[in-house]
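Q: A predicted structure for the sequence below; I have some questions about it.
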Amino acid sequence: MPVYEFHCDDCNRDFELLMRISLFDPNKVTCEYCGSKKVCQIISHINVITSKKS
Ligand SMILES: [Zn+2]
């Protein structure tokens, strides 16, 4: 199950939510600390280019 990271603009905290893609609705996400709806999703490092040069 994917983990979504969010950032709350009101209390300035980050939190994670586990949810299924089919149920994912960013408009219904509220901060788990203060209940604010002013949250934005944090895009995780999906395509991290790791080029190790030795
Ligand atoms: Zn908050």
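A: Cool, got the structure.
Q: around the ion, which positions in the chain sit nearby?
A: Proximity of the chain to the ion, by C-beta under 5 Å from the ion, involves residues Cys8, Asp10, Cys11, Cys31, Tyr33, Cys34, Ser36. (Glycine included, C-beta is placed from N, CA and C.)
Q: these in strands, which ones?
A: Those of those mapping onto strands are Cys8, per DSSP state E.
Q: make a markdown table from the residues of the chain next to the ion and add pLDDT to it.
A: Converted to a markdown table, these look like this (pLDDT from 0 to 100):
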| residue | pLDDT |
| --- | --- |
| Cys8 | 96 |
| Asp10 | 97 |
| Cys11 | 97 |
| Cys31 | 93 |
| Tyr33 | 95 |
| Cys34 | 97 |
| Ser36 | 95 |
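Q: buried subset of the residues of the chain next to the ion as a ChimeraX selection?
A: Burial among the residues of the chain next to the ion is assessed by 16 or more other C-beta atoms under 10 Å; the matching ChimeraX selection reads:
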select :8,31
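Q: neighbours around Pro2, how many?
A: When counting by other C-beta atoms under 10 Å, one arrives at 10 neighbours for Pro2.
Q: ok, now Val39?
A: Val39: 22 surrounding residues under other C-beta under 10 Å.
Q: the nearest residue to it once chain neighbours are set aside: what secondary structure?
A: The shortest distance from Val39 to any non-neighbouring residue, by C-beta to C-beta, 6 or more residues apart in numbering, is to Phe6 (4.6 Å). Three-state call for Phe6 (DSSP: H, G, I helix; E, B strand; the rest coil): strand.
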